[in-house]
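In: Starting from these lines, generate the structure:
(one chain, ligands or ions: 3)
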Amino acid sequence: MRALTFDSPQKVKIQEVAEPKIQHRRDAIIRVTHTAICGSDLHVYHGRESGLDPGTIMGHEFVGEIIELGPEVSTLKTGDTVFSPFTSCCGTCRPCTTGLPCRCAMGQLFGWVEGGTGLQGGQCEYVRVPFADSTLKTTGPLLPEVALLLGDVLSTGGYCAEQAHVAPGGTYAVIGGGPVGLMALTTCQWRGARDVVLFDPIAERREQAKRWGGIPADPSEVDRYEGAFDAVLEAVGSPAASLLAYKLVRPGGIISIVGVHNEPHFAFTPNQAYDKNLTVHIGRCPARRLMDELMPQAIAHSERLTEIFTHRVPLSDGPDAYRMFAERKDGCLKVLLSP
Ligand code: NAD
Ligand code: ZN
Ligand code: ZN
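Out: Ligands and ions are numbered 1, 2, ... in the order given. Now for the predicted structure:
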């Protein structure tokens, strides 16, 4: 089958690889119909995150049809259209049963194979999914494109809002107007936020935030908004973004970080956090839980959510699509790839 694989920083390529097989009794094999490039793929692409074996199939956002099931899968059947969170989960360990399936004791991240072990990604024709019953969800009335968003960026935006305790009448800042930041803006609105100011240095992304009812701001406007927000939702993953969050949050406020950070220290010091009586919440989104919780709103707001896809291209154009997304060319906000 054809797959988009990691080669080295700034280099992904289309390669012919072996089709995945059932390895465990609870596995499923999915024929991928929709897959997308995530901002998280860019950490690998740019070499900020290292360790991935060359030849690893990229990607963790996919929707498709079940074509084969292991003998112990009991709630799904071949032919079902399913979507997936970006990590697998067993459904029975303590993290899985306490709302944090992204920290499943046996969970694996799609598209991460290091030193020969790990799970291949979804930017290909067929993908193996462990613990199919507890990992996958059938799309039901969801459009496949919306299901794909719900498997990652929509859930992650929603989790960022949950951890920020976004509530009716509050005033919030979102840092980063990529797909995750825009979904954070959206879920803040679903939760009844009064004002949401979205900070991004890219004019086109601020424009998109404005179209979706956010108040656009450039990070250089920080002085004007210093200490103005009940909570700040950080969806970038850089020291500059975290420092901006620190400046924007009010004393006693919350900084909720879903941006993936690769630096060794927080951008603000414990002493600065103390002086603002801060709560900081950071981490991977438990997407399998949020997929259930946000499904009704995702169905209701399908039309708006799919506006995020600025480009739809065949999988074979993947290498060019990575370049375009990484360099933010041609107004690229999110790319859908069709195997
Ligand atoms: P993206 O790269 O498309 O968007 C990032 C945006 O941040 C861009 O629009 C960029 O202009 C903006 N930005 C950069 N520096 C900024 C600054 N200093 N201030 C304000 N804005 C700034 O990425 P995305 O797909 O939206 O993902 C965003 C982040 O979320 C990434 O770090 C990604 O890895 C992470 N992520 C985390 C989870 C999780 O579970 N926690 C899940 C998905 C994605
Ligand atoms: Zn992702
Ligand atoms: Zn588990």
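In: alpha carbons only for contacts and neighbour counts from here, please
Out: OK.
In: just checking, next helix/strand downstream of the one helix or strand Leu4 maps to?
Out: For Leu4, the host element (DSSP states H and E) is strand 2-8. Following strand 2-8 in sequence order, the next helix or strand is strand 11-16 (DSSP H and E).
In: tell me what that next one is packed against?
Out: Here strand 11-16 is seen to pack against strand 2-8, helix 318-326 when contacts are counted using 3 or more C-alpha pairs under 8 Å, 6 or more residues apart in numbering; DSSP states H and E.
In: Pull up the residues of the stretch 101-250 of the chain that are close to ligand 1.
Out: 152-153, 156, 175-181, 199-202, 219, 235-237, 240-241 (C-alpha under 6 Å from any ligand atom).
In: Quick check: buried residues in stretch 293-311?
Out: Of the residues in stretch 293-311, those scored as buried under the neighbour-count criterion (16 or more other C-alpha atoms under 10 Å) are 294-295, 298-299, 305-306, 308-309, 311.
In: about what we covered before: between the helices and strands packed on strand 11-16, which shows the greatest average number of neighbours?
Out: Of all these, strand 2-8 carries the top mean neighbour count, a mean of 23, counting by mean count of other C-alpha atoms under 10 Å.
In: how far does that strand sit from the chain's center?
Out: Relative to the mean C-alpha coordinate of its chain, strand 2-8 is positioned 20 Å out (C-alpha atoms, centre = their mean, to the nearest Å).
In: Average pLDDT for that strand, rounded please.
Out: Confidence over strand 2-8, taken as the mean pLDDT, stands at 98.
In: out of the residues of the stretch 101-250 of the chain next to ligand 1, which are buried?
Out: Buried members of these, counted by 16+ other C-alpha under 10 Å: 152-153, 156, 175-181, 199-200, 219, 235-237, 241.
In: Which of those residues fall in helices?
Out: Using DSSP state H, the subset of those located in helices is 153, 156, 179-181, 241.
In: ok, those residues vs ligand 3, which is closest?
Out: Thr156 (18.9 Å; C-alpha to the ion).
In: I'd say that closest one and Pro179 touch.
Out: No - when contacts are counted by C-alpha atoms under 8 Å, Thr156 is not listed as touching Pro179 (9.8 Å).
In: Let me have the ones in helices among the buried ones among the residues of the stretch 101-250 of the chain next to ligand 1 in JSON lines, extended by distance to His281 and pLDDT.
Out: JSON lines is the format used below for these (distance: C-alpha to C-alpha, whole Å; pLDDT from 0 to 100):
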{"residue": "Val153", "distance to His281": "18", "pLDDT": "98"}
{"residue": "Thr156", "distance to His281": "13", "pLDDT": "98"}
{"residue": "Pro179", "distance to His281": "20", "pLDDT": "97"}
{"residue": "Val180", "distance to His281": "16", "pLDDT": "98"}
{"residue": "Gly181", "distance to His281": "16", "pLDDT": "98"}
{"residue": "Ala241", "distance to His281": "15", "pLDDT": "98"}
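In: Now stretch 265-272: buried residues?
Out: Buried positions in stretch 265-272, judged by neighbour count with 16+ other C-alpha under 10 Å: Ala267.
In: Just the CA trace of that stretch, in PDB.
Out: Backbone C-alpha positions of stretch 265-272 (Å, rounded to 0.1, in the frame of the first residue of the first chain) are rendered in PDB as follows:
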ATOM      1  CA  HIS A 265      11.500  24.800  31.400                       C
ATOM      2  CA  PHE A 266       8.300  26.900  31.700                       C
ATOM      3  CA  ALA A 267       8.800  30.400  30.200                       C
ATOM      4  CA  PHE A 268       7.600  31.900  33.500                       C
ATOM      5  CA  THR A 269       9.200  31.200  36.800                       C
ATOM      6  CA  PRO A 270       7.600  29.600  39.900                       C
ATOM      7  CA  ASN A 271       8.000  33.000  41.600                       C
ATOM      8  CA  GLN A 272       6.000  34.700  38.800                       C
END
